[in-house]
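*Asks:* just the structure for this:
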Amino acid sequence: MTGGSPHLAKISGDAGIRHIQSVTETLRNALAAHDAVLVSLDDARCVDVSTLQVLLTAQAQGESLGKSLAMAGPAKDCLHDVLTETGFLDAEGEAVSAEARFSVTPPSQGHCRHDRIGDR
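*Replies:* As a prediction, this is how the structure comes out:
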C-alpha cells in the first residue's frame with residue numbers, strides 16, 4: 001500500500017452496465033493497493049446508474065478499510081447528467097445527499113499517481 005499522494009484512476013470509454021465488471025475490478029484493485037484513490041470519469045462516454053452504484057459501494061468499502069475514494073474533480077458531462085437525473089444533484093449541481101457529496105467535492109490534495117483505464 002502506498003501513502004502520501006492519492007492514486008488517480010482514470011476510467012474512459014464505456015463505464016456503463018455492459019462494462020461495469022471492469023470498472024468494479026479497477027476500483028477494487030486501486031483500493032487494495034492504495035490508501036487514497038481519486039476517480040476520474042472525464043473521458044467516459046457512457047455512465048449510468050450501475051456506475052453510480054459501483055462508485056458508492058467502492059467508497060463504502062474503502063471507508064470500512066480506513067481508506068478513501070473520491071472523485072478527482074466535480075462531476076461533469078455524462079456523470080453530471082446521471083447524478084442530476086437520479087436526484088443526487090439539484091439543478092445547480094449541488095449534492096442533495098451525503099452520498100452524492102463525494103461526486104462534487106473532491107479532496108484538496110497534492111499530486112496524484114495516475115492509472116489510466118483504456119477504452120472499452
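*Asks:* wait, a helix at Thr51?
*Replies:* Yes - according to DSSP: H, G, I helix; E, B strand; the rest coil, Thr51 belongs to a helix.
*Asks:* check the gap between the residue lying farthest from the centre of the chain and Ala100 for me.
*Replies:* Taking Cα atoms, centre = their mean, the residue of the chain most remote from its mean C-alpha position is Ala91, at 20.8 Å. To Ala100, Ala91 is 14 Å away according to Cβ to Cβ, to the nearest Å. The way it works is simple: take the backbone N, C-alpha and C, and place the C-beta from them, glycine included.
*Asks:* pLDDT of the helix or strand hosting Ala9, averaged?
*Replies:* Taking DSSP states H and E as the definition, one finds Ala9 inside strand 7-11. Computed over strand 7-11, the mean pLDDT rounds to 95.
*Asks:* distance from the chain centre to that strand, please.
*Replies:* Centre-to-centre, strand 7-11 and its host chain are 8 Å apart (Cα atoms, centre = their mean, to the nearest Å).
*Asks:* helices or strands up against it?
*Replies:* Other elements packing on strand 7-11 under the criterion 3 or more Cβ pairs under 8 Å, 6 or more residues apart in numbering; DSSP states H and E are helix 20-33, strand 36-40, strand 113-117.
*Asks:* now for the residue nearest in space to the middle of the chain: which residues touch it?
*Replies:* Nearest to the geometric centre of the chain sits Val39, at 4.0 Å (Cα atoms, centre = their mean). Contacts here follow Cβ atoms under 8 Å, 6 or more residues apart in numbering; on that basis Val39 touches Leu8, Ala9, Ile11, Leu27, Leu55, Leu69, Ala70, Met71, Ala72.
*Asks:* export those to JSON lines and tack on distance to Gly87?
*Replies:* Converted to JSON lines, the contacts of Val39 look like this (distance: Cβ to Cβ, whole Å):
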{"residue": "Leu8", "distance to Gly87": "28"}
{"residue": "Ala9", "distance to Gly87": "26"}
{"residue": "Ile11", "distance to Gly87": "23"}
{"residue": "Leu27", "distance to Gly87": "23"}
{"residue": "Leu55", "distance to Gly87": "15"}
{"residue": "Leu69", "distance to Gly87": "21"}
{"residue": "Ala70", "distance to Gly87": "20"}
{"residue": "Met71", "distance to Gly87": "18"}
{"residue": "Ala72", "distance to Gly87": "23"}
